[in-house]
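Chemist: What follows is a protein structure lacking sequence information:
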């Protein structure tokens, strides 16, 4: 075999193999068009569209560390163990909140879910609750807001107290009553007037079954120069009528708020004590980063009082420090230093 024949044979074999490989070649499929997350500005800042849907989602959360002090034992006190006056375990927690909203032909359909892991007493729930939560707990609600009226169900602080009547201006909130309940409520709006009627269920609490509540509010508590509200309530198990109301005035940088609470009996789920209780509070926005607030609470039956004061510092966007001190008529002094990251 000469060189010419060898070269021709090799070229032919190479061409055959190359043709077979070309016939069997795998061609990659064209990539699917990427659907980018779009900003949803229909419901405020922070919302985005869930890809492929018309639902807007907002995810937020908070991580908190807190150093607490009390001249009375914070927790775990017994006759042989006096408990602790200082603790960084109590009241620290982390939470994630998810808001979902979408517009429909009947109005805005919405839902809210909070998943929270915390230790010990829930700070800011008011002096009258005394509830402890260890591990994880959840709060949630869902409803339809048609503008002039709406409907909501959930497991959270009773709808009327949360959306009609507020607590004080410190983190403690003063001598008011708030407690997680299962509820259903109907509400409506007409100009600056907001009203609501609800049914609350505390069947998980010994001796408590349900309550009826209705309230009306004028103005937006978060921004209007003047706002006020009143609700009436009836604790079915306690057979106790009651009422709660507030008035607030904003004279930037000062906010003043007065709350009144009444219950015919001491064991009403809607009030901290029998008879009348009041909370008088003030807040001053000293600078865009610093504020000071104080709440004074007084209950007439029995005669008890407390004062709580806050100093807050917004160190950076989403990062805050808060110092709170409290003193009661029982000669208990307490307070905390809080480090909080919000997003």
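Modeler: All right, it came through fine. This structure is a prediction, so every number in the text was calculated from the model and none was measured.
Chemist: List of residues touching the strand or helix carrying residue 139?
Modeler: In the assignment (DSSP states H and E), residue 139 maps to strand 135-145. Contacts to strand 135-145, defined as C-beta atoms under 8 Å, 6 or more residues apart in numbering, come from residues 104, 106-118, 150-156, 159, 180. The C-beta positions use only the backbone N, C-alpha and C, and glycine is treated the same way.
Chemist: now those residues: which count as buried?
Modeler: The neighbour-count criterion (16 or more other C-beta atoms under 10 Å) marks 107-112, 114, 116, 118, 150, 152, 154, 156, 159, 180 among the contacts of strand 135-145 as buried.
Chemist: Confirm that residue 162 sits in a helix.
Modeler: Yes - counting by DSSP: H, G, I helix; E, B strand; the rest coil, residue 162 is part of a helix.
Chemist: Which residue comes closest to it once chain neighbours are left out?
Modeler: residue 156 (6.8 Å; C-beta to C-beta, 6 or more residues apart in numbering).
Chemist: And for residue 39?
Modeler: Nearest residue to residue 39 in three dimensions, chain neighbours excluded: residue 48, at 5.7 Å (C-beta to C-beta, 6+ apart).
Chemist: Can you name the residues in contact with the helix or strand that contains the one you found?
Modeler: Per DSSP H and E, residue 48 falls inside strand 47-49. When contacts are defined by C-beta under 8 Å, 6+ apart, strand 47-49 is touched by residues 37-41, 55-58, 99, 101.
Chemist: now the strands for the stretch 151-300 of the chain?
Modeler: Remark: strands assigned in the stretch 151-300 of the chain by DSSP state E, counting those that start in this stretch are 180-190, 193-201, 210-218, 226-235, 240-251, 254-263, 274-285, 290-301.
Chemist: Neighbouring strands - and their directions - for the third one?
Modeler: If you go by DSSP bridges, strand 210-218 pairs up with strand 193-201 (antiparallel), strand 226-235 (antiparallel).
Chemist: For the shortest one, the averaged confidence score.
Modeler: In this model, strand 193-201 has an average pLDDT of 96.
Chemist: next one: the last one
Modeler: Confidence over strand 226-235 (mean pLDDT, whole number) is 96.
Chemist: Name the residues of it that are buried.
Modeler: If you call a residue buried by 16+ other C-beta under 10 Å, then strand 226-235 has these buried ones: 227-235.
Chemist: thinking again about what came up before, top of the contacts of strand 47-49 by number of neighbours, please.
Modeler: Among those, the one with the most neighbours (other C-beta atoms under 10 Å) is residue 56, at 24 neighbours.
Chemist: Neighbours of residue 71, how many?
Modeler: Neighbour number of residue 71 under other C-beta under 10 Å is 10.
Chemist: With residue 149 instead?
Modeler: By other C-beta under 10 Å, 14 other residues sit near residue 149.
Chemist: show me what contacts it?
Modeler: 186-189.
Chemist: Quickly name whichever of these is closest to residue 260.
Modeler: Set against residue 260, the nearest of the contacts of residue 149 by C-beta to C-beta is residue 187 (22.2 Å).
Chemist: quick one, what contacts the closest residue to that closest one other than its chain neighbours?
Modeler: Spatial nearest neighbour of residue 187, chain neighbours left out: residue 196 (3.9 Å); criterion: C-beta to C-beta, 6+ apart. Residues counted as contacts of residue 196 (C-beta under 8 Å, 6+ apart) are 159-160, 163-164, 185-188, 214-216.
Chemist: do residue 71 as well
Modeler: Residues near residue 71 by C-beta under 8 Å, 6+ apart: 85, 332-334.
Chemist: Show only the entries of the residues you listed found in strands.
Modeler: Within the contacts of residue 71, residues falling in strands by DSSP state E are 333-334.
Chemist: which of the contacts of residue 71 has the most neighbours?
Modeler: Using other C-beta under 10 Å as the neighbour test, these are led by residue 334, with 19 neighbours.
Chemist: Tell me if I'm right that it and residue 67 touch.
Modeler: No - assessed by C-beta atoms under 8 Å, residue 334 is found out of contact with residue 67, at 11.8 Å.
Chemist: gap between the closest residue to residue 214 other than its chain neighbours and residue 150?
Modeler: Leaving aside its sequence neighbours, residue 214 sits nearest to residue 197 (C-beta to C-beta, 6+ apart; 4.5 Å). Applying C-beta to C-beta, to the nearest Å, the value for residue 197 to residue 150 is 12 Å.
Chemist: now residue 265
Modeler: For residue 265, the distance to residue 150 equals 32 Å [C-beta to C-beta].
Chemist: What residues are bridge-paired with the nearest residue to residue 246 once chain neighbours are set aside?
Modeler: Excluding its sequence neighbours, the residue lying closest to residue 246 (C-beta to C-beta, 6+ apart) is residue 259, at 4.5 Å. Taking DSSP bridges as the rule, residue 259 bridges to residue 246, residue 279.
Chemist: can you check residue 181 too?
Modeler: Going by DSSP bridges, residue 181 is paired in beta bridges with residue 156.
Chemist: What is the neighbour count of it?
Modeler: Residue 181: 24 neighbours (other C-beta under 10 Å).
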